[in-house]
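Undergrad: Have a look at this fold, sequence not included:
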């Protein structure tokens, strides 16, 4: 699958087969995340790979929009260090997008579960995974083999494009 097809066909997948994601697939998608651009090449991210069923179930108790984790075999918690970069949120968002695109290229499905800046949600996720106080849990990515298939959606909107000025 070429890069543009990956981008144009990536969709939020909320139903999974339960088939495990291999260690090689996990490494590949994390490698893609770590190759995201970051301000001053600061790379303020860290990742928590969650494949323990009890932990996946525990996420569903603290994150109100995470019920797809009942079927997903894997989640990745994306964390950032504000002391490393003032742009940690943008950097972690780029890493998250790279992870999701790499997963799509491997025929895996993903969905982005927002955590930060919801302070209560961020604190609950941090407590669940022992995240140090100086690190922020930004989001969770559910990952798995899709049990649903969604086609490409045309989202280009010429009305949102301005040339040389607003």
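TA: Yep, that arrived. Since the structure is predicted, the reported quantities are computational estimates derived from the model, not experimental observations.
Undergrad: Give me the three-state assignment for residue 113.
TA: Recorded secondary structure, residue 113: strand (DSSP: H, G, I helix; E, B strand; the rest coil).
Undergrad: That one and residue 135: what is the separation?
TA: Separation of residue 113 from residue 135 (C-beta to C-beta, to the nearest Å) stands at 18 Å. The way it works is simple: take the backbone N, C-alpha and C, and place the C-beta from them, glycine included.
Undergrad: Start and end of stretch 78-90, how far apart?
TA: Criterion C-alpha to C-alpha, to the nearest Å; first-to-last residue distance in stretch 78-90 is 12 Å.
Undergrad: Of residue 113 and residue 135, give the one with the bigger neighbour count.
TA: residue 113 (22 against 18; other C-beta atoms under 10 Å).
Undergrad: nearest residue to the more buried one other than its sequence neighbours?
TA: Computed as C-beta to C-beta, 6 or more residues apart in numbering, the closest residue to residue 113 that is not its neighbour in sequence is residue 140, at 4.2 Å.
Undergrad: I'd say that neighbour and residue 78 touch.
TA: Yes: the criterion here is C-beta atoms under 8 Å, and residue 140 meets it with residue 78 at 7.4 Å.
Undergrad: who's more crowded, these two?
TA: Neighbour count, other C-beta under 10 Å: between residue 140 and residue 78, residue 140 has more, with 27 against 24.
Undergrad: how close does the more buried one get to residue 126?
TA: Residue 140 is 12 Å from residue 126, by C-beta to C-beta.
Undergrad: about what we covered before: which strands and helices sit next to the one helix or strand the residue nearest to residue 113 maps to?
TA: Per DSSP states H and E, residue 140 falls inside strand 136-144. Here strand 136-144 touches strand 74-80, helix 88-105, strand 109-114, helix 119-129, going by 3 or more C-beta pairs under 8 Å, 6 or more residues apart in numbering; DSSP states H and E.
Undergrad: Tell me the spacing between residue 127 and residue 133.
TA: To residue 133, residue 127 is 11 Å away according to C-beta to C-beta.
Undergrad: Kindly apply the preceding question to residue 110 instead.
TA: Here the criterion is C-beta to C-beta. By it, residue 110 lies 28 Å from residue 133.
Undergrad: Those two: which has the busier surroundings?
TA: residue 110 (28 against 6).
Undergrad: circling back: show me what the mean pLDDT comes to for the strand holding residue 140.
TA: For strand 136-144, the mean per-residue pLDDT is 98.
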